[in-house]
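[1] kindly return the folded structure for what I paste below:
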Amino acid sequence: MMDGFNLYREAKNYYNKLIPEKIEGLIILSLYQKYGENEFNEAQIIHIIETIFRDLGQESSRTENERNNNIILSLQDYFLWRDELSKLYHFKSYGLDFCRRINKRLHEGYSPATIKRWFDELYNTLQNLKNIDGGFSRWIVDYFEIKHTLLAEQIEILDQQVIESVKQFKKEIKADDEIKNIVQVLENIELRLELIKQQATELKKAFQTTYDIDDVLTEILQEYETELYLAEIQRVSRFNDNVRSQLEQVSKRIDKIKPRIREFIYDFNQRDFDRKTERFIYFLLNCSKNEKDSNLKKILSLPTGVPPKLIGESDQLPRFTLISLKEISPRLPIVISKRVVDDNKRLELVEKTRLWLLEKEKITYWTNLAIQGVYNEGMLDFSPFFFRILSEEKGNIAIGVKIANRVLKNSLNNKDFTVDIQQEIIRDKSFPNITLWKMKIWKI
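    Prediction:
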């Protein structure tokens with residue numbers, strides 16, 4: 001951000017011109033829909049203005065000419081150019097960008113297959129460029145910068161559809177005057193939410209490639225002087241974490257609203273059944289008659305259209321189905337297969353597991369020691385701490401890099417810490433082939 005520039009102060013002065021009110025915004029979008037980047041005249045603008053005012057139910061007035069002129073003059077500030085010679089209008093760059101972004105958000109859908117292809121392209125190009133000098137920086141500029149905004153928009157579109165379904169649900173449950181249609185509407189909403197959840201699951205599968213990208217970023221952290229790429233690696237990693245978290249939130253939101261829809265449908269059906277039963281009983285009480293038959297015996301005559309129904313018969317006996325007992329032939333003996341244990345392979349797996357657990361314990365121990373050191377001392381000089389790790393772990397650079405990665409990640413994600421990296425090379429005579437940038441972790 002430029003020094004001395006205050007976005008709030010500047011936006012406060014020009015907000016109504018940069019962000020038009022609803023009627024003016026619809027006029028701009030209608031002009032873009034009809035003419036795009038082509039030219040149009042003042043009469044065509046006025047025709048669209050009058051059409052939109054009629055569509056919105058705005059009454060005509062004696063000051064229509066003044067109103068139209070004021071709108072046209074207002075749109076010329078940021079949205080329209082007027083050629084003084086030809087008297088024709090066309091969109092300014094800001095106006096085109098305004099309309100294109102709204103058109104894109106409302107018109108474009110999302111495709112899990114496309115998302116999967118985009119992430120595969122990001123992963124494959126990163127694999128190809130990671131071993132080339134400057135390849136990671138090239139990947140950031142040529143691939144990640146282009147794709148990551150488009151990918152984030154896909155989740156926003158999906159989330160917006162869920163929000164619209166929730167709004168529709170809240171709107172429909174208040175429509176007491178159209179009770180007959182509510183259940184059908186809510187069932188349609190539930191089906192739509194189910195479809196969106198299915199599409200979210202497909203998108204989540206597409207985003208599985210982000211874990212592969214994270215693995216490549218970890219390799220870059222281990223193999224190169226990562227201080228040059230640290231900020232960009234952190235940015236890509238945060239993006240991957242965010243898209244996975246956002247998809248999880250969409251799924252949870254769907255899971256949360258669906259039981260409420262089903263509960264409302266159940267309650268409505270129950271109330272509707274009770275209402276119909278009550279009306280039917282009142283109908284019977286009000287319209288049934290007490291009459292006498294030929295023997296002068298009083299009988300209850302049901303209303304016309306209600307057929308007599310025999311509720312029960314005392315002479316009707318229950319019917320049982322008798323099944324004869326059959327002999328069950330004995331089952332054939334089952335041949336039990338003998339399990340052969342490969343002792344060498346088992347010992348090998350046990351040893352690998354033991355080494356993996358030992359390495360995990362070491363990484364956890366050193367990470368906790370570093371974090372606790374920052375809390376206790378207020379600062380940790382990480383460079384000598386890293387060489388101390390190498391010394392005590394007998395030069396195991398793989399463990400050292402993993403510990404460094406874990407400490408750095410925890411510190412960057414900790415709001416109480418700040419990381420200071422200076423381009424000053426630190427060496428240790430015990431490890432002449434290893435150099436580090438000077439890095440300190442401070443407690444805020």
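
[2] what sits against L193?
    Going by Cβ atoms under 8 Å, 6 or more residues apart in numbering, L193 touches V162, S165, I254, I257, K258, I261. C-beta: built from backbone N, CA, C; applies to glycine.

[3] swap the cut-off to 10 Å and go again
    Neighbour list for L193: Q161, V162, S165, V166, F169, R253, I254, D255, I257, K258, I261 [criterion: Cβ atoms under 10 Å, 6 or more residues apart in numbering].

[4] in PyMOL, how would I select just the buried ones from the residues you listed?
    In PyMOL, this line selects whichever of the contacts of L193 come out buried by 16 or more other Cβ atoms under 10 Å:
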select buried, resi 161+162+165+166+169+253+254+257+258+261
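
[5] may I ask which of the contacts of L193 comes out lowest in pLDDT?
    Looking at the contacts of L193 by pLDDT, the weakest one is F169, with 67.

[6] surely L296 is in a strand?
    No - under DSSP: H, G, I helix; E, B strand; the rest coil, L296 sits outside any strand and is assigned coil.

[7] flag the shaky bits of the stretch 301-444 of the chain, pLDDT-wise.
    In the predicted model, the stretch 301-444 of the chain carries pLDDT under 70 at residues 308-331.

[8] strands of that one, residue ranges please.
    With DSSP state E, counting those that start in this stretch, the ranges of strands along the stretch 301-444 of the chain come out as 379-381, 417-428, 431-443.

[9] quick check: buried residues in the last one?
    Spelled out, it's strand 431-443. Residues of strand 431-443 classed as buried by neighbour count (16+ other Cβ under 10 Å): F431, L436, W437, K438, M439, K440, I441, K443.

[10] correct me, but the last one touches Q372?
    No - in terms of Cβ atoms under 10 Å, K443 does not count as a neighbour of Q372; the distance is 11.1 Å.

[11] quick one on the thing from earlier: of the buried residues of strand 431-443, closest to S288?
    Comparing those against S288 with Cβ to Cβ places K443 closest, at 85.7 Å.

[12] if you skip the residues just before and after it, what's nearest to that closest one?
    Spatial nearest neighbour of K443, excluding adjacent residues (Cβ to Cβ, 6 or more residues apart in numbering): G378 at 4.9 Å.

[13] what of I441?
    Nearest one to I441, counting by Cβ to Cβ, 6+ apart, is L380 at 4.6 Å.

[14] you'd agree that neighbour is up against W366?
    No - if you go by Cβ under 10 Å, L380 and W366 don't touch, sitting 11.7 Å apart.

[15] identify the contacts common to these two.
    Listed as contacting both L380 and W366 by Cβ under 10 Å, 6+ apart are V407.

[16] rewinding a little: and the buried residues of strand 431-443 as CSV, adding distance to K352?
    Output for the buried residues of strand 431-443, formatted as CSV (distance: Cβ to Cβ, whole Å):
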residue, distance to K352
F431, 27
L436, 30
W437, 34
K438, 37
M439, 33
K440, 37
I441, 33
K443, 38
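
[17] and which of these is nearest V306?
    Nearest to V306, judged by Cβ to Cβ, of the buried residues of strand 431-443 is K443 at 83.1 Å.

[18] quick check: beta-bridge partners of that closest one?
    On the basis of DSSP bridges, K443 is bridged to F417.

[19] and the gap between it and M379?
    Note on K443: its distance to M379, by Cβ to Cβ, to the nearest Å, is 7 Å.

[20] in the chain, which spans are helices?
    All helices of the chain, identified by DSSP state H, fall at 7-18, 22-35, 42-55, 64-75, 93-107, 112-129, 135-139, 145-172, 179-206, 209-223, 230-287, 343-377, 382-392, 397-413.

[21] which of the ones you listed sits closest to K298?
    Closest among the helices of the chain, using Cβ to Cβ: helix 230-287, at 16.6 Å.

[22] for S288, see how far away the residue of the chain positioned farthest from its centre is.
    Centroid-distance maximum for the chain: N295 at 77.9 Å, with Cα atoms, centre = their mean. Noted for N295: a distance of 20 Å to S288, by Cβ to Cβ.

[23] and I434, what does it touch?
    By Cβ under 10 Å, 6+ apart, the contact list for I434 reads F386, F387, L390, G395, I397, G400, I426, R427, D428.

[24] spatially nearest residue to the second one, not counting backbone neighbours?
    What it means is F387. F387's closest residue in space is D428 (Cβ to Cβ, 6+ apart), at 4.1 Å.

[25] okay, and for the stretch 101-250 of the chain, where does confidence drop off?
    Scanning the stretch 101-250 of the chain for pLDDT under 70 picks out the ranges 105-112, 169-170, 172-183, 186, 196, 199-200, 203-204, 206, 223-228.

[26] any idea of the mean pLDDT for stretch 51-67?
    In this model, stretch 51-67 carries a mean pLDDT of 81.

[27] and the end-to-end length of that stretch?
    For stretch 51-67, the first and last residues are 14 Å from each other (Cα to Cα, to the nearest Å).

[28] flag every buried residue along it.
    Quick answer for stretch 51-67 (16+ other Cβ under 10 Å): I52, F53.

[29] what's the offset of that stretch from the middle of its chain?
    41 Å (Cα atoms, centre = their mean, to the nearest Å).

[30] same check on stretch 375-382?
    Relative to its parent chain, stretch 375-382 has a centroid offset of 38 Å by Cα atoms, centre = their mean.

[31] check stretch 25-37 too.
    Its chain's average C-alpha position is 30 Å from that of stretch 25-37, according to Cα atoms, centre = their mean.

[32] may I have it exported as CSV, CA atoms only?
    Written as CSV, here are the backbone C-alpha positions of stretch 25-37 (Å, rounded to 0.1, in the frame of the first residue of the first chain):
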residue,chain,number,x,y,z
GLY,A,25,-26.3,-0.6,-11.3
LEU,A,26,-29.1,-2.4,-13.2
ILE,A,27,-28.9,0.2,-16.0
ILE,A,28,-25.1,-0.4,-16.3
LEU,A,29,-25.6,-4.2,-16.5
SER,A,30,-28.4,-3.9,-19.0
LEU,A,31,-26.3,-1.6,-21.2
TYR,A,32,-23.4,-4.2,-21.0
GLN,A,33,-25.8,-7.1,-21.7
LYS,A,34,-27.1,-5.3,-24.9
TYR,A,35,-24.1,-3.5,-26.3
GLY,A,36,-20.9,-4.9,-24.6
GLU,A,37,-17.9,-3.1,-25.8
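
[33] any idea of the mean pLDDT in that stretch?
    The pLDDT scores in stretch 25-37 average 91.

[34] let me see the residues that make contact with it.
    For stretch 25-37, contacts defined as Cβ under 10 Å, 6+ apart pick out 19-20, 40, 44-45, 47-49, 51-53, 55-56, 71-72, 74-75, 78-80, 89-91, 95-96, 98-100, 102-103, 106.
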